[in-house]
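Visitor: mind looking at a prediction? Sequence and model below.
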Amino acid sequence: MAFITLLDGDRQNLIPVTCYGSGTEYLEHLHISVEENSSHGHGPSGIAFREDRPFWCQDFQQNPATLPWRSLASRFGWQACAALPLHKNGAVIGTLNLNADAINAFDDIAQNLLCQLTIDIDHALARFELESERRQSLKMKTLRVFMLELITSELPLPDILVNVVRQFEQLIPGSMCSIMLHDKDNKRLRLGAAPSLPTSYITTLDCMPLSPDGGCVNAVINGVRTIATDIANDPNWGKFRQQAKEMGIGACCSEPIFSASAQILGALTVYHREPFQPSESDLQLLETATHFLAIAIERKQSEVFMRKLSQAVEQSSNAIIITDLNGTIEYANTTFSTNTGYALHDIIGKKPNMHKSGKTSRATYADMWAHLGRGESWQGEFINRRHNGEERIDLVRVSPVREADGRITHYLAIEEDITNQKNAQARIESLAHFDVLTGLPNRALLDERAQRALRLAEEDQATLAVMFLDLDHFKNINDTLGHNLGDTLLVELAQRLRAVLRRDDTLSRLGGDEFVLLLPGANRESAKKIAQELMRAINEPYRIGSHELNVMASIGIAVYPADGMDFETLCKNADVAMYRAKQEGRNAYRSFTQEMQAYSTRYLQVLNALRQAIAQEQLHVHYQPQISLISGDVIGAEALLRWHHPELGNISPAEFIPIAEESGLILQIGEWVLRVAVAQAKKWHQLGLDKLIIAVNLSAVQFRHAGLPNLVMQILKEEDFPPQYLELELTEGVAMHDPQGAIAMMNSLHERGVRMSIDDFGTGYSSLSYLKQFKAYKLKIDQSFVRDISTDAEDKAIVSAIIGMAKNLGLQTIAEGVETAEQQAFLREEGCHEAQGYHYSKPLPAADFETFILGASAA
Ligand SMILES: Nc1nc2c(ncn2[C@@H]2O[C@@H]3COP(=O)(O)O[C@H]4[C@@H](O)[C@H](n5cnc6c(=O)[nH]c(N)nc65)O[C@@H]4COP(=O)(O)O[C@H]3[C@H]2O)c(=O)[nH]1
C-alpha cells in the first residue's frame, strides 16, 4: 500500500492525503508527528521529513522506529515500510510512504526506483503548484477584467451586483454567492444580489437588523472576514444555524466591502452546500472582488448622488447660475431661464446683468463685488426685469466657489423671486398705515407724521394746524342709501379734500366719516381759510348713481403752539372745536378757544357727576302749574327735572339735559322722571285732584327709541294711571327733524290713549302739512315769543297766528313763560287756552305744588 502525507497547517503532523493499494484503512487511525520530542515523531515518516532522507525499515516489527505503530501494522500484515521526503520549491512538504507485507521488501532496485519516483513526484508537485498558480492568476485576471468592465459600464448597481455574483459562482465551482449592502441609516442589511440562494433565505437576509450573528452580518458589523467552515457546528451561527441547515447551506465565507474612506459598504459572501474550507486562492478572489465592488458601489452611489444633486439644482424653485470670475454665466438652471424669460442658449456666455432693470442702486452692486473681492459671500436684493419687461424682485445670494487649494474659480448665485413676498409686505405696510377705503393715511401714519411735523415746527418755531372734520348726519346717508353709497361718497369726499390741500399737508381718515388734517406751517388765519375752502369743496353736490346728495361737515381747528404743545392735546382741542361747530348748527368750522376748553372741562365734570346722580338720589322732580285761561283753574303740572350736586350745586336742566342726551344717559333719566311724575300724579288723583294732567318732557333720544310706547304703557300700568292724563311734551325741532318717524311714534302713543303736545312751538319751522298729521293735541307757544308780546308787535302777531292756526287745526294752545298780567290778558284775549309761568308759580317741589293747588282752589 502506498500513501502520501502532507504537513498539516500547524506544521506538527503529517496527514495522509492520498493512498493506493489494499489495507488503506490502516491510515484512518494513523498519527504521524514531525516533532522530535513526540513519541510519534521518530517513525520512518517523521525521520524522513525532518532529516530530508529516505528511511528504509526492512523489518517493521523489529525496527525501533516503528514501535508506536507495530501492533496496528501487524493487524494489516505490514512487515516492511519506507518513507521518502517529498519537496516543493526545495522544501520538504510531506512524504511518500510504502508499506510491504514482506521483510526486506526494499532491495536496491526498489530503493532506486522509489528514489527516482519521489524526484518525479517533486517535479509533478512543482508543476502542479505552477499550474494552480497559473489557474489562480487566470481566475484573478478574469475577475479583474470582468470587474473593470462592470465598473465602467452604464449598468445600474443592482445589475452590476448580480453579474458579480454570477461570475463569482463560476470562479468558485459549487458555490452560491450573495452581496449584502449596509444600510447605514437604518442599521440594516439590504439585499444587493443573491440569484442562487433560496428565496426564503434571501428574504431573511434582506432588511436584517445588524445584531451580532455569524456570516455576513458579522462581516458588516465588525468589518472582518468571517468564515464558517461547518455552519452546523459553528457556535457563532446561533439563530440562523437551523435555517441554514434547512436551506442546505453548510459553509460560508464573508468578506467585508470597504469604501475608500474605510466605511463598511456591505459584504460579499460565498456559500457552500457542504462544510467547506476556502482555499487561499478563494480568499484572494474574494478580497479582490470586494475592492472592485467597493469602487462600483461608491461610484454608483456618487452617480446617484450627483444625479440627485443635479436634479435638485435643475428643478430648484430658485434660479441658480454659476459664473466665471468675470461674471460670465457658465451654467443656469431652468428656473433662471423661466424667471428671466430668456432661453438657456441665450443665457450661457452672457452676464447676469442681462436682466437688470436699472433700478437697483449702484451701491448694491458695489457692495456685492466688494464682498466677492474679499472672498466673502454676499446677500442682497436686486430689482430685475424679465424679457417681457415685467419687473421682479430677487433675493440673491452669491458665494465664491473654491478649488481644493482654496483658489476661487467661480461664483455661485442663487436667486429667489420675492416679488410676491415684497408686494405682500408692502400691502401689509399699507394696511398698517393707510385706510383701505380711501387710501388716505390712517391713525398710525398720522401719528408718525404729526410727531415729525411737531418736531420740525418746534425747531423752526413755526405754527401747525390740526383739523378735525366730521360729516353732518352721515349716518343718515348710510342708513337710508346703504353703505356702498356711503363708501363711494367718502372716497369722492377724500379726493375733494385732498385737492384743496398742499403736498406737505396730511389728510387722514380715522374711520367712519371722521377725518383729521395736519397742516404744517398753517396759523389760525390760514387754517380758517383752508377750512372755508374745504367746506366749499364738501358742499358741492355729489352725483352718485342716480342720487344727487348735498353733504355738510363740521370742522374744528387747533393750532400749535397756542392750543397745545403735543399732538394729543391738539387733537383733543380740535375735537372740542368741531363739537362746538356741531352744537352751533353744523356745516361750520370753529377754531379752538380757551372758553371752549373751560366748557369741555365743565362738560366732562357734569357728565361724570351725572352718571351717579340717580343712584345717589341727587335728582328731583319739580312741578310747574298749568292754568286754564278760561276758568283760572290749575288743570295740569309740567314735571321739570332738578339736580342738586353736593359740590357743583344746582345744575340747570338746560345744561345737563343735552349732556345726558349725547351720552345716552337720558334714556335712564327720562324713564326715571316719567315713573316719578306718573306716581306723583297718581297720588294727587287719589287726593281728589283727579282731572290733573301731568306733562312730562320727552327728549329726542327717548322719542326715537322704538321701546318708548311700551315703556310708557308699562309705567302707566304699574302706577295704575289713566293714559289720557299723561301728556308727553315733544319739542317742535325733534318732531320736524324726522317728521315721518315722529308721525309713526305719535300714532303709536296716540293709539294707546296718551296725549302729545308740541313744546317750544314757533322755533322749529313746522310745516303745516306735517302738523296736520301729527297726533298732537296741544301746541305750547315758546316763551321767547310770549316774553315780548306786550312790547314787540311782531311777537304779538306770531303768537296770535299760532293760536289762530291751532284753532283751525283743532289743537289746544298753552303759552309758556307767562310772567305778567299783561301777557295773560293778551293771551286770553287771543283765545289761548292755557298758560304756565312765573306769573302763576315757579316749578315747585311736590309738597309745595300741593299747597299751591289747594290754595288756588280755595281762592
Ligand atoms: N324765564 C322763565 N322761565 C320759565 C317761566 N316759567 C317756566 N320757565 C322755565 O321754562 C322751562 C320750561 O321747560 P321747557 O321749555 O320744557 O324746557 C326744559 C326742558 O326742555 C328741559 N327739561 C327739564 N326737565 C326735563 C325732563 O325731565 N326731561 C327732559 N327731556 N327735558 C327736561 O330743560 C329745559 C329747561 O328747564 P327749566 O330750567 O326747568 O326751565 C323750564 C322752566 O323753569 C317763566 O315765567 N320765565
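Guide: Yep, that arrived.
Visitor: remind me what the top helix by length along the chain packs against, helices and strands.
Guide: Ranked by residue count and defined by DSSP state H, the top helix of the chain is helix 108-152. Counting contacts by 3 or more Cβ pairs under 8 Å, 6 or more residues apart in numbering; DSSP states H and E, helix 108-152 packs against strand 80-88, strand 91-100, helix 157-171, helix 280-315. From N, CA and C alone the C-beta is placed, and that goes for glycine too.
Visitor: next, format those as a markdown table and append mean neighbour count and distance to the ligand.
Guide: Formatted as a markdown table, those follow (neighbours: other Cβ atoms under 10 Å; distance: least, Cβ to the nearest ligand atom, whole Å):
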| stretch | mean neighbour count | distance to the ligand |
| --- | --- | --- |
| strand 80-88 | 23 | 135 |
| strand 91-100 | 22 | 135 |
| helix 157-171 | 19 | 97 |
| helix 280-315 | 16 | 78 |
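Visitor: for the closest residue to Gln668 other than its chain neighbours, what are phi and psi?
Guide: Spatially, and ignoring its direct neighbours in sequence, Gln668 is nearest to Ile614 (6.7 Å; Cβ to Cβ, 6 or more residues apart in numbering). Backbone torsions for Ile614, taken as degrees, to the nearest 10, come to phi -70, psi -50.
Visitor: so what's Ile614 up against?
Guide: Contact analysis of Ile614 by Cβ atoms under 8 Å, 6 or more residues apart in numbering lists Gln668, Ile669, Trp672.
Visitor: okay, now the unreliable bits of the stretch 1-150 of the chain?
Guide: Along the stretch 1-150 of the chain, the model assigns pLDDT under 70 to no residue.
Visitor: for it, which residue gets nearest to the ligand?
Guide: The nearest approach of the stretch 1-150 of the chain to the ligand comes at Leu150, 106.2 Å away (Cβ to the nearest ligand atom).
Visitor: now do the same contact list for the residue nearest to that residue when sequence neighbours are not counted.
Guide: In space, and not counting its chain neighbours, Leu150 is closest to Ile160: 4.9 Å by Cβ to Cβ, 6+ apart. Contacts for Ile160 (Cβ under 8 Å, 6+ apart) come out as Leu150, Ile151, Ser153, Ala296, Lys300.
Visitor: residues from the protein in reach of the ligand?
Guide: 624, 639-641, 652-654, 657, 670, 673, 697-699, 759-760, 783, 816-817, 819, 837-838, 843 (Cβ under 6 Å from any ligand atom).
Visitor: buried subset of the residues you listed?
Guide: By neighbour count, with 16 or more other Cβ atoms under 10 Å, these hold 624, 639-641, 653, 657, 670, 673, 697-699, 759-760, 783, 816-817, 837, 843 as buried.
Visitor: pretty sure Asp10 sits in a helix.
Guide: No: the assignment for Asp10, made by DSSP: H, G, I helix; E, B strand; the rest coil, is coil rather than a helix.
Visitor: quick one: residues contacting the residue nearest to Glu255 when sequence neighbours are not counted.
Guide: Among residues not flanking Glu255 along the chain, Leu286 sits closest, at 4.2 Å (Cβ to Cβ, 6+ apart). Listed by Cβ under 8 Å, 6+ apart, the contact set of Leu286 reads Arg225, Cys253, Glu255, Leu268, Val270, Pro278.
Visitor: and the angle from the helix or strand containing the fourth one to helix 280-315?
Guide: This points to Leu268. Under the criterion of DSSP states H and E, Leu268 resides in strand 264-272. In terms of direction (axes from the mean of the first three to the mean of the last three Cα atoms, to 10 degrees), strand 264-272 departs from helix 280-315 by 140 degrees.
Visitor: strand partners (parallel or antiparallel) of strand 264-272?
Guide: Here strand 264-272 has these sheet partners by DSSP bridges: strand 175-183 (antiparallel), strand 251-258 (antiparallel).
Visitor: please state the offset of the last one from the chain centre?
Guide: Taking the mean of its C-alpha atoms, strand 251-258 sits 53 Å from the chain's own mean (Cα atoms, centre = their mean, to the nearest Å).
Visitor: how about Pro54, nearest residue that isn't a chain neighbour?
Guide: Excluding the flanking residues, the one nearest Pro54 by Cβ to Cβ, 6+ apart is Leu84, at 4.4 Å.
Visitor: hang on, that neighbour packs against Leu113?
Guide: No: counting by Cβ atoms under 8 Å, Leu84 does not reach Leu113; the two are 10.8 Å apart.
Visitor: so what's the backbone phi/psi at Gly512?
Guide: Phi and psi for Gly512, reported as degrees, to the nearest 10, are phi 50, psi -130.
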